[in-house]
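predicted model and sequence follow; I will ask about them next.
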Amino acid sequence: MPASPDRSSQAVRELFLDRFGVDPAYFDSLHWAEVKEEVWVGSLPPPPGVAHSRPPGLRAARIHPKGIKPTSHFLALLGRRITRARAAVELEELRQLLLGQRIRWPNPEAIADGFMAICYREDVIGCGVLRGERLHALIPTGRRRELLNILDNAAIR
């Protein structure tokens, strides 16, 4: 685990560059802040002299002893900027993932185990993790319920 906020922010940027293929220029105008085990990103720095327990912006990642986990919200924000580690799923596979089930990944040799951007119809839905031949969603429970409700009430075909 990185020891300083600058090193943690840099490690998070590298994850998005290396794993997800995001163009480094996208991050040039963003402001990064580390609070405890979280790295936040925003378009503006915090106002001077104002103490916040949470910086302005969006949580990009959490720092765990075993590594860095990107947030579903930040992956969704990056959207089409993500050019690698995209797990394109069909509607029934998306439903299974949102229900907490694991789905079979058809070509595990094509990408190393790790975090994936779960995508449906080119939209990034959230974070998943690939382990061997299995893909599992790491989308927050409330967001899963919301998406399942949308699927149940929409005529998505």
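Perfect, I can see it now. As the structure is a prediction and not an experimental result, all values here were calculated from the model.

could you use CA atoms for every contact and neighbour count after this?
Fine.

can I get the longest strand along the chain as CSV, trimmed to CA atoms?
Longest strand in the chain by number of residues (criterion: DSSP state E): strand 123-131. This file holds the C-alpha atoms of strand 123-131, laid out as CSV (Å, rounded to 0.1, in the frame of the first residue of the first chain):
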residue,chain,number,x,y,z
ASP,A,123,-22.3,1.9,-21.1
VAL,A,124,-20.2,1.2,-18.0
ILE,A,125,-22.5,-0.2,-15.3
GLY,A,126,-19.9,-0.6,-12.6
CYS,A,127,-16.9,-2.5,-11.2
GLY,A,128,-16.5,-6.3,-11.4
VAL,A,129,-13.6,-8.7,-10.7
LEU,A,130,-12.4,-11.5,-12.9
ARG,A,131,-10.9,-14.5,-11.1
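
for it, which positions count as buried?
By 16 or more other Cα atoms under 10 Å, the buried positions in strand 123-131 come out as V124, I125, G126, C127, G128, V129, L130.

which one of these is nearest G67?
Set against G67, the nearest of the buried residues of strand 123-131 by Cα to Cα is V129 (12.8 Å).

surely the closest one meets A112?
No. At 10.5 Å, V129 does not count as touching A112 under the criterion of Cα atoms under 8 Å.

per-domain residue ranges of the protein.
Split into domains by automatic domain parsing, the chain comes to 5-70, 80-153.

ok, of those, where does mean pLDDT dip lowest?
With a mean of 86, domain 5-70 has the lowest mean pLDDT of these.

where exactly do the helices run in this structure?
5-18, 72-78, 91-98, 141-153 (DSSP state H).

from V12, how far off is I150?
Distance of I150 to V12, computed by Cα to Cα, to the nearest Å: 31 Å.

of these two, which one has the most company?
V12 (25 against 12; other Cα atoms under 10 Å).

so the more buried one touches I68, yeah?
Yes. Counting by Cα under 8 Å, I68 is a contact partner of V12 at 7.0 Å.

quick one on the thing from earlier: deepest-packed of the helices of the chain, please.
helix 72-78 (a mean of 20; mean count of other Cα atoms under 10 Å).

what's that one packed up against?
Here helix 72-78 touches strand 58-64, strand 123-131, going by 3 or more Cα pairs under 8 Å, 6 or more residues apart in numbering; DSSP states H and E.

neighbouring contacts of it?
With contacts defined as Cα atoms under 8 Å, 6 or more residues apart in numbering, helix 72-78 is touched by 58-61, 82, 117, 123-127, 138-140.

apply 7 Å and report the result again.
The contact list for helix 72-78 (Cα atoms under 7 Å, 6 or more residues apart in numbering) reads L58, R59, A60, A117, V124, I125, G126, C127, I139.
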